[in-house]
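Enquirer: My questions concern the predicted model and sequence given below.
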Amino acid sequence: MSKGEETKEKILSSAAELFNQQGYAGSSISDIMRVTGLQKGGIYNHFKSKDELALLAFDYAIAQIREHYRVALRNKRHAIERLQAIIDVFRSFVDNPIIKGGCPLLNTAIESDDTHPQLRDRTQIAMNSWQDMICLIIQKGIIKGEIRADVDADEVATIVIATLEGAVMMSKLYGDSIHMEIVIKHLNNYIETYLQI
């Protein structure tokens, strides 16, 4: 990796954490300069605008999460194990977040819904990808006889995602991971009793 690429990645990593903690609108170029240790020219040498940086920082954050999913799913073959691995990745969003500030998908979805259409579109794409991953696991599980044939994959994906994101929000709000632990226990039970053959 060249020096320029290293600098760009450092900016993306720092900006991803900053935006995830303070929000896009709540982060000024001065904040970005502070967390990166660079002057304005050093940042704009790599990015055309704060908007471009926000979009690419979001992509960076989502790529970090996808990598955690990839690692968590690597040795899991059974659909139930794969769903539980996805759920378990969320445990870290509270106590040891992949990107400081919690779940970038949740935070960005809430912030960008009315204020930043491009970021909102990017967030929808990331959410669709997550929903598709869960649906595909369920659909393959049905085909392999690991999940009941009458299970609605889209419904389960919505339940899992909405419940996990709600647990992140409550755990952060109250500063207590018990909310995530309760949800993880519930979702694992739901998967084992409702989905499994």
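Expert: Great, that's in hand.

Enquirer: Which neighbouring elements make contact with the helix or strand harbouring residue 110?
Expert: Per DSSP states H and E, residue 110 falls inside helix 104-115. Packed against helix 104-115 by the contact rule (3 or more CB pairs under 8 Å, 6 or more residues apart in numbering; DSSP states H and E) you find helix 3-22, helix 50-73, helix 117-143, helix 153-174. (C-beta placed from N, C-alpha, C; glycine too.)

Enquirer: Any buried residues in that helix, and which?
Expert: 104-109, 111-112 (16 or more other CB atoms under 10 Å).

Enquirer: Would you mind saying which of the helices and strands packed on helix 104-115 lies nearest residue 29?
Expert: helix 50-73 (6.2 Å; CB to CB).

Enquirer: Let's have the buried residues of helix 104-115 in TSV, adding pLDDT and distance to residue 190.
Expert: Formatted as TSV, the buried residues of helix 104-115 follow (pLDDT from 0 to 100; distance: CB to CB, whole Å):
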residue	pLDDT	distance to residue 190
104	92	25
105	91	21
106	91	20
107	90	25
108	92	27
109	90	23
111	86	29
112	80	30
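
Enquirer: CA atoms only: put the lowest-mean-pLDDT helix or strand in the chain into CSV for me.
Expert: The weakest-scoring helix or strand in the chain, judged by mean pLDDT, DSSP states H and E, is helix 104-115 (a mean of 85). The C-alpha coordinates for helix 104-115 follow below in CSV (Å, rounded to 0.1, in the frame of the first residue of the first chain):
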residue,chain,number,x,y,z
PRO,A,104,-23.2,2.4,11.4
LEU,A,105,-26.2,1.1,9.5
LEU,A,106,-28.6,2.0,12.3
ASN,A,107,-26.9,5.4,13.0
THR,A,108,-26.7,6.4,9.4
ALA,A,109,-30.3,5.2,8.6
ILE,A,110,-31.6,7.4,11.4
GLU,A,111,-29.5,10.4,10.5
SER,A,112,-29.8,10.3,6.7
ASP,A,113,-33.5,9.6,6.3
ASP,A,114,-34.4,13.3,5.6
THR,A,115,-31.1,15.1,5.4
